[in-house]
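Asks: Dropping a prediction and its sequence here:
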Amino acid sequence: MAITVYGKGGRTFRCLWMLGESELEYSHKSVDWSQGESRTDAFLSINANGKVPVVKDNDLILFESLAINYHLAKVRAPHLWPNARESEAIQWLAWGMGELEGPHDAANRSSAAVDLVRIEIALNALRKVLSESAYMLSETFSVVDLNTACLLLRPQFRSLAASDAEIGDWFARCTSRSALARATA
Ligand SMILES: N[C@@H](CCC(=O)N[C@@H](CS)C(=O)NCC(=O)O)C(=O)O
């Protein structure tokens, strides 16, 4: 089995955290998109979109961080995939991209403040699901918690999540995982 991650920082981080959790062997090729490294001919032959992260798992090349982490959990690290609640897991992965990352990136693009009304509505959905179990879909940590916590690590959300009466404990449990510390290092 040969897994290679291409990218640096940003969304690549959620795949590196995921690989750390999976305890799989992998290699990491730094591709710094801010330095134009994702637009070279060599990289475009791997991902014609010119974006990172990309994960190559043997002959399979995947772009889109949501799909990458889905693949890594479902195929490579099933203990991180809530199999009994698969449809809800996909729902929450898409929710994170749409409801947390979407407003964050829209604000960044226009140099405006993040739409905190929209974020608060999204956090209410998270508060509700976390009122039912210790982690988002069960009593154990999964890729759904990883992706969501990773999004909330962004500077605009981090203190909001950490100080929230209903989310704070879950956020602290997710962000104190050793695989996260290893990915950060
Ligand atoms: N939806 C994609 C977005 C990928 C993306 O925009 N990656 C950024 C880095 S975090 C990038 O490569 N940007 C390069 C560019 O836009 O030229 C994902 O989640 O993987």
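Replies: It's in. Numbering: from 1, shown residues only.

Asks: Next to the ligand, which bits of the chain? Give me the list.
Replies: Contact residues (CB under 6 Å from any ligand atom) of the chain with the ligand: 10-11, 33, 38, 50-53, 64-66. No exception for glycine: its C-beta is placed from N, CA and C like everyone else's.

Asks: Those, buried ones only, as a PyMOL selection?
Replies: This is the PyMOL syntax for the buried subset of the residues of the chain next to the ligand, where burial follows 16 or more other CB atoms under 10 Å:
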select buried, resi 11+33+38+51+52+53+64+65+66
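
Asks: how about JSON lines for the residues of the chain next to the ligand, with distance to Leu137, secondary structure and pLDDT added?
Replies: Shown next, in JSON lines, are those (distance: CB to CB, whole Å; DSSP: H, G, I helix; E, B strand; the rest coil; pLDDT from 0 to 100):
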{"residue": "Gly10", "distance to Leu137": "26", "secondary structure": "coil", "pLDDT": "94"}
{"residue": "Arg11", "distance to Leu137": "22", "secondary structure": "coil", "pLDDT": "96"}
{"residue": "Trp33", "distance to Leu137": "32", "secondary structure": "helix", "pLDDT": "96"}
{"residue": "Ser38", "distance to Leu137": "33", "secondary structure": "helix", "pLDDT": "98"}
{"residue": "Gly50", "distance to Leu137": "34", "secondary structure": "coil", "pLDDT": "98"}
{"residue": "Lys51", "distance to Leu137": "28", "secondary structure": "coil", "pLDDT": "98"}
{"residue": "Val52", "distance to Leu137": "28", "secondary structure": "coil", "pLDDT": "98"}
{"residue": "Pro53", "distance to Leu137": "24", "secondary structure": "coil", "pLDDT": "98"}
{"residue": "Glu64", "distance to Leu137": "21", "secondary structure": "coil", "pLDDT": "98"}
{"residue": "Ser65", "distance to Leu137": "19", "secondary structure": "helix", "pLDDT": "97"}
{"residue": "Leu66", "distance to Leu137": "16", "secondary structure": "helix", "pLDDT": "97"}
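
Asks: Quick check, the residue in this structure closest to the ligand?
Replies: Residue of the chain nearest the ligand, by CB to the nearest ligand atom: Gly10 (2.9 Å).

Asks: show me the contacts for that residue.
Replies: Going by CB atoms under 8 Å, 6 or more residues apart in numbering, Gly10 touches 33, 52.

Asks: Can you list phi and psi of it for me?
Replies: Phi and psi for Gly10, reported as degrees, to the nearest 10, are phi 40, psi -130.
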